[in-house]
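Colleague: below is the sequence, then the predicted model.
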Amino acid sequence: MFRSATRADLPAIRTTFVRSFWDDPVMRWLVPDDADFENVTMMDDFFARLIAYGHSLVTPDVASFSLWIPPGRPEVDYESVATDAPSDELVTKFIALGEAIASNTPTEEHWYLQMIGTHPDWQGRGIGSMLIREGQSWARRDGLGVYLETETIENVAYYRHLGFEVRTEWDVAAGGPHMWGMWIPPA
């Protein structure tokens, strides 16, 4: 039902990302223009780095993906695919987002669900839940917790259904959105 993501999946991951994150408060704060978001190739470098961790999963058609970072968030080597430098405004927003996330990240070792997305045509079928449960199985195997951030109250309810609880809440500086940090403690 799913497999490890590879660099060859980058275009399909980007397509699924754009469709599944079209209304996401963080992503649309970062890239508010519809045309810019539709062609958001700046995310390719981000996706390539996450794939390099070796724990990113996709469905065979890449209609759904989950991008995981292992405990300790180790540095990874990957070949950059960046094409354009971000604007000063975008850099300012990325810094504000990074600082907010860093100040709310658990200090305990954990598996980190950096991002999950399912194309809207495939949502509601349990695919995303299945991808999350796979990462939860890694955490159970390792005796560690699982952490993620989300930006909508609807997602808070969804993740609670999967065993997560709200650990922290904050507003991102520079006019950014409200966010929740969610946690499943070690089993």
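Modeller: Here it is on my side, so go on. Numbers count the residues shown, from 1 in each chain.

Colleague: quick one: Glu151 from Ala187, how far?
Modeller: Distance of Glu151 to Ala187, computed by C-beta to C-beta, to the nearest Å: 27 Å. C-beta coordinates here come from the backbone N, C-alpha and C atoms, glycine included.

Colleague: so the most centrally placed residue in the chain bridges to which residues?
Modeller: In the chain, the C-alpha nearest the mean C-alpha coordinate belongs to Met115, at 1.4 Å (C-alpha atoms, centre = their mean). Per DSSP bridges, the residues bridged to Met115 are Leu67.

Colleague: give me phi/psi at the nearest residue to Pro86 once chain neighbours are set aside?
Modeller: Nearest-residue entry for Pro86: Met42, 6.3 Å, with adjacent residues in sequence omitted and distances by C-beta to C-beta, 6 or more residues apart in numbering. In terms of degrees, to the nearest 10, the main-chain angles of Met42 are phi -60, psi -20.

Colleague: and Met42, how far from Val91?
Modeller: Relative to Val91, Met42 is positioned 11 Å away (criterion: C-beta to C-beta).

Colleague: kindly report the same for Arg73.
Modeller: Using C-beta to C-beta, one gets 21 Å for the distance from Arg73 to Val91.

Colleague: more neighbours: which of Glu151 and Ala187?
Modeller: The residue with the greater number of neighbours, taking Glu151 and Ala187 and applying other C-beta atoms under 10 Å, is Glu151; the counts read 20 against 13.

Colleague: so for the more buried one, what's the nearest residue that isn't a sequence neighbour?
Modeller: Using C-beta to C-beta, 6+ apart and skipping residues adjacent in sequence, the residue nearest Glu151 is Pro25, 4.2 Å away.

Colleague: quick one: pLDDT of that neighbour?
Modeller: With respect to pLDDT, Pro25 scores 97.

Colleague: for Ile51, same thing?
Modeller: With respect to pLDDT, Ile51 has a value of 96.

Colleague: again with Thr83
Modeller: Turning to Thr83, the model gives it a pLDDT of 71.
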